[in-house]
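Trainee: Generate coordinates for the sequence data below:
(chains A and B, ligands or ions: 2)
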Amino acid sequence: MWMLIQYILKKMALLAPVLVGTSVIAFALGVMSPGDPVDQVLNPNGNESYTQEEYDRMSARMGLDKPLHVQYINWVGNLLQGDLGRSFFTNKSIVDQMARRIPISARLAGLSMVFTVVLGVEGGVIMAVWKDRFLDHLLGACAVTALSVPGFWTAIMLIWLFAEKWKLLPTSGIASGIGYLLPAVTLALPSTGVCARLTRTAILDEIGRQYVTVAASKGLSRRQTVVCHAFGNALIPVVTYLGTHMAGILGGASIVETIFAVPGIGSYAISAVQSKDYYVVQAYVLFSGMVYVAVTILVDLLYMAVNPRIRRGEAGQ
Amino acid sequence: MNQDMEIKGLNVSFVDHGRETKVVTDVDATFSEGSITGLIGESGSGKSVLGMAILGLLPGSAKVKGTCLYQGRDLFSLPEKEMKKVRGTEIALIPQNPTESLNPIRTVGRQLVECVTAHEKSAKSRAGIRRAGIRRDELLGRFGFQDVGRINGSYSFELSGGMNQRVVSALGLMNCPKWVIADEPTKGLDSILRRQVYEVLKDIGRSEVRGMLVITHDITLAKALCDRLMVLYGGCVMEKGNAQAILEAPMHPYTRGLMDSLPEKGMRPIRRADRDKERCLAGCRFYPRCPWGEARCGTEMPPETTLLDGRTVRCFHYA
Ligand SMILES: Nc1ncnc2c1ncn2[C@@H]1O[C@H](COP(=O)(O)OP(=O)(O)OP(=O)(O)O)[C@@H](O)[C@H]1O
Ligand SMILES: [Mg+2]
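Mentor: Residues are numbered from 1 along each chain as shown, chains lettered A, B, ... in the order given. Ligands and ions are numbered 1, 2, ... in the order given. Sure, this is the predicted structure:
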């Protein structure tokens, strides 16, 4: 156990530069992007005028008159106190907004992840077991379709079918929990296809190895050799894929959230970009970086769980 | 019941994109109860394929013809469900390439215990697992491991090649099988360990199992361990019979060449294949390299001839 905590701490230390880097990039993004934040605040509608004096006063109040490194340090200082500033437009605290939206995105990502893992891995196993037979070809075709259809098309089709035609599910919003269903499926579809194909290849790869034949020579059934021996080894590449995928969708599934009007972190970022709400964009970039770091650690732990070679290697250091 | 294993007309070929490659041709052999049979022959001559065919473990691309009679049943036509019960209990395997033969994500100890728990439902109970553990530790001890506990908790990638080799030897013997097919059990071991493994195999071959099939390149091992010998070349049995007789007075030109190429006999290599003769696919497999070749050797497969001392030789010279 102590080993494990040490390992996690070490990983975090290694990933600290990533966080620092992300924060610099996030900050730079705010500074470099076109448009003037002072102007944005003083003249949100584009039809109000202000004097240079007013401008300088506002600039000083926002801390924008100081040199860049001082601005950065101030920004990070506020950040560490849990203050990411306020949106130019709504004037709402960004931290509050994020705190409200992150759980929604997390729920969506989690549900979609469940679909991907359950259907993808299961489908892959079935395809491997029925290799080159009808079921394999059928599921293989489904997988290719699933991974090649663009998300917005899936979304439109699902809305049309389930909401308009059959009136089973809400078109948008997450007023009831069931509202998560369509966006989660849309989000999960391509990755399920990839995951199924990956699992199939990985399992077939492992089945051809000698240790599986040797397991059969002990008197295990074909099914047992696949489940008890080949499967665990086949999971190693699948876990790698699922990890990066997880990091991607946790950071907000912008398009899907926007289409289905899910008030998550992704749609927040999209609207902020559209309205040049730089503080929000900064916060979003920072958040994505943090998610990336957290998921990386999580995947490493999962990886250790499925791969003793790494477990032993890390513990031995 | 008679525990002999009787192979008749065994032919194995691999099909790849419609092209068929024959790797074992017309093998007839009887492995009789109480005997240890050695299977020798150069690399690629089909020794492992023969062993795996008996266990029904060749890949799907393999086509197996012939019969293998064992306890009144033909193993080659036995349904998978029955064959499953044969593997490990009736006939077990000590596999070649030990490191690839072990699952890299399971500890060696668990993989050994599994040989027993794969079969009996009751063996999955705690007592069964404990008994399997005792058997495992005893076998590992016999194969020269001192720190059995450490070995049990290790993964195959944490052990050396020679250690894995001895682990898979234990693996083949875990469930007290009646027959053992040992594929190069002494490969990669130093002379002391080789001696030790040989002693264990000999001991087990004499007392615990009904019979053993030992595939090996190690003629010294074959000499010391085996009662009978089968010499394979290009998938054909060239000579088979009493081990001592064959090793002392080889008859078939290939067996003679093999003996002459041993270090203690002066390491004279078998000559290279003759280009023109290599195209004669219908005849004797050894014809392209044979010093005694006649014209008909290239067109006709010589029959197996039984000699006075009971051995059979596949060569026109003795027909
Ligand atoms: N899965 C396979 N697919 C196609 N050909 C195969 C397969 N397995 C074996 N062969 C062929 O069968 C022949 C005999 O192989 P086998 O493994 O029995 O040799 P061997 O006598 O055991 O050699 P070694 O002493 O090197 O282990 C070889 O020519 C090999 O190419
Ligand atoms: Mg071999």
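Trainee: For chain A, what lies in contact range of ligand 2?
Mentor: Within chain A, no position lies close to ligand 2 (CB under 5 Å from the ion). Backbone N, C-alpha and C define where each C-beta goes, glycine included.
Trainee: what pLDDT does residue 254 get?
Mentor: No chain specified, so I'll use chain A. You'll see residue A:254 listed with a pLDDT of 85.
Trainee: nope, chain B please
Mentor: Residue B:254 is given a pLDDT of 95.
Trainee: how much space between it and ligand 1?
Mentor: Distance of residue B:254 to ligand 1, given as CB to the nearest ligand atom, to the nearest Å: 14 Å.
Trainee: give the contact list for the residue of the stretch 51-200 of chain A found nearest chain B.
Mentor: Among all residues of the stretch 51-200 of chain A, residue A:131 sits closest to chain B, at 9.3 Å; criterion: CB to the nearest CB. Counting by CB atoms under 8 Å, 6 or more residues apart in numbering or on different chains, residue A:131 touches A:200, A:204.
Trainee: In a helix, it, correct?
Mentor: No - Residue A:131 is assigned coil when assessed by DSSP: H, G, I helix; E, B strand; the rest coil, not a helix.
Trainee: pLDDT at it, what is it?
Mentor: pLDDT, residue A:131: 88.
Trainee: and if you look at residue A:289?
Mentor: At residue A:289, pLDDT is 85.
Trainee: what residue ranges in the stretch 201-319 of chain B score low on pLDDT?
Mentor: Scanning the stretch 201-319 of chain B for pLDDT under 70 picks out the ranges B:280.
Trainee: ranges for the helices of it?
Mentor: Assigned helices in the stretch 201-319 of chain B, in chain order: B:219-225, B:243-248, B:253-260 (criterion: DSSP state H, counting those that start in this stretch).
Trainee: Can you add distance to ligand 2 and mean neighbour count and give these back as TSV?
Mentor: TSV is the format used below for the helices of the stretch 201-319 of chain B (distance: least, CB to the ion, whole Å; neighbours: other CB atoms under 10 Å in any protein chain shown):
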stretch	distance to ligand 2	mean neighbour count
helix B:219-225	15	18
helix B:243-248	20	18
helix B:253-260	16	21
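Trainee: Of those, which is nearest chain A?
Mentor: Of these, nearest to chain A by CB to the nearest CB is helix B:219-225, at 21.4 Å.
Trainee: And the closest one, how far out from the chain middle?
Mentor: Helix B:219-225 has its C-alpha centroid displaced from the chain centroid by 14 Å (CA atoms, centre = their mean, to the nearest Å).
Trainee: ok, it near ligand 1 or not?
Mentor: No - remark: helix B:219-225 sits outside contact range of ligand 1, by CB under 6 Å from any ligand atom, the gap being at least 13.2 Å.
Trainee: Residue B:118 contacts residue A:216, doesn't it?
Mentor: No - applying CB atoms under 8 Å, one finds residue B:118 not in contact with residue A:216, separated by 9.6 Å.
Trainee: shared neighbours of these two, which are they?
Mentor: Joint contacts of residue B:118 and residue A:216 (CB under 8 Å, 6+ apart) do not exist.
Trainee: Quick one: the helices of the stretch 201-319 of chain B as TSV, columns for distance to residue A:10 too.
Mentor: Listed next are those as TSV, based on distance: least, CB to CB, whole Å:
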stretch	distance to residue A:10
helix B:219-225	49
helix B:243-248	60
helix B:253-260	58
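Trainee: hmm, back to that, next one: the residue of the stretch 51-200 of chain A closest to chain B from residue A:145, what distance?
Mentor: From residue A:131 across to residue A:145, the span is 20 Å (CB to CB, to the nearest Å).
Trainee: go on, residue B:33?
Mentor: Residue B:33 is 59 Å from residue A:145, where distance means CB to CB.
Trainee: cool, residue B:99 as well?
Mentor: 41 Å.
Trainee: who has more neighbours, those two?
Mentor: residue B:99 (19 against 12; other CB atoms under 10 Å in any protein chain shown).
Trainee: In contact with the nearest residue to that one once chain neighbours are set aside, which residues?
Mentor: Nearest residue to residue B:99, sequence neighbours excluded (CB to CB, 6 or more residues apart in numbering or on different chains): residue B:164, at 4.9 Å. Listed by CB under 8 Å, 6+ apart, the contact partners of residue B:164 are B:98, B:99, B:101, B:102, B:156.
Trainee: The fourth one contacts residue B:109, correct?
Mentor: Read it as residue B:102. No - using CB under 8 Å, residue B:102 is not in contact with residue B:109; the gap is 11.2 Å.
Trainee: More neighbours: those two, which one.
Mentor: Neighbour totals were compared for residue B:102 and residue B:109, and residue B:102 leads with 26 against 21 (other CB under 10 Å).
Trainee: burial count for the residue nearest to the more buried one when sequence neighbours are not counted?
Mentor: Excluding its sequence neighbours, the residue lying closest to residue B:102 (CB to CB, 6+ apart) is residue B:156, at 3.6 Å. Neighbours of residue B:156 under the rule other CB under 10 Å: 24.
Trainee: From residue A:148, how far off is residue B:156?
Mentor: 40 Å.
Trainee: ok, now residue B:29?
Mentor: Remark: distance between residue B:29 and residue A:148 (CB to CB) = 55 Å.
Trainee: so residue B:173 touches residue B:180, yeah?
Mentor: Yes - if you go by CB under 8 Å, residue B:173 and residue B:180 touch, sitting 6.6 Å apart.
Trainee: Next, show the common contact partners of those two.
Mentor: Counting by CB under 8 Å, 6+ apart, the shared contacts of residue B:173 and residue B:180 are B:92, B:94, B:204, B:209.
Trainee: residues in the stretch 151-300 of chain A within reach of chain B, list them.
Mentor: A:208-211, A:213-222, A:224, A:228-229, A:232-233 (CB under 8 Å from any CB of the partner chain).
Trainee: Would you mind checking the residues you listed for buried ones?
Mentor: The neighbour-count criterion (16 or more other CB atoms under 10 Å in any protein chain shown) marks A:209-211, A:213-220, A:224, A:228-229, A:232-233 among these as buried.
Trainee: Spatially central residue in chain B, please.
Mentor: Centroid check for chain B by CA atoms, centre = their mean gives residue B:215 as the closest residue, at 3.4 Å.
Trainee: In terms of helices and strands, where is residue 66?
Mentor: Answering for chain A, as no chain was given. Counting by DSSP states H and E, no helix or strand carries residue A:66.
Trainee: could you do chain B instead?
Mentor: strand B:62-70.
Trainee: which residues sit against that strand?
Mentor: Here strand B:62-70 has contacts from B:3-15, B:20, B:27, B:49, B:53-54, B:58, B:74-77, B:86, B:90-91, using CB under 8 Å, 6+ apart.
Trainee: Roughly how far does residue B:180 sit from residue B:290?
Mentor: The gap separating residue B:180 from residue B:290 is 34 Å, by CB to CB.
Trainee: follow-up on the earlier one: would you format the shared contacts of residue B:173 and residue B:180 as TSV with distance to chain A included?
Mentor: Putting the shared contacts of residue B:173 and residue B:180 into TSV (distance: CB to the nearest CB, whole Å) gives the following:
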residue	distance to chain A
B:92	7
B:94	9
B:204	17
B:209	15
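Trainee: would JSON lines of those residues with neighbour count and distance to ligand 1 be doable?
Mentor: Shown next, in JSON lines, are the shared contacts of residue B:173 and residue B:180 (neighbours: other CB atoms under 10 Å in any protein chain shown; distance: CB to the nearest ligand atom, whole Å):
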{"residue": "B:92", "neighbour count": "26", "distance to ligand 1": "18"}
{"residue": "B:94", "neighbour count": "27", "distance to ligand 1": "13"}
{"residue": "B:204", "neighbour count": "21", "distance to ligand 1": "22"}
{"residue": "B:209", "neighbour count": "22", "distance to ligand 1": "21"}
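Trainee: Make CSV out of these and add distance to ligand 2.
Mentor: Listed next are the shared contacts of residue B:173 and residue B:180 as CSV, based on distance: CB to the ion, whole Å:
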residue, distance to ligand 2
B:92, 17
B:94, 12
B:204, 21
B:209, 21
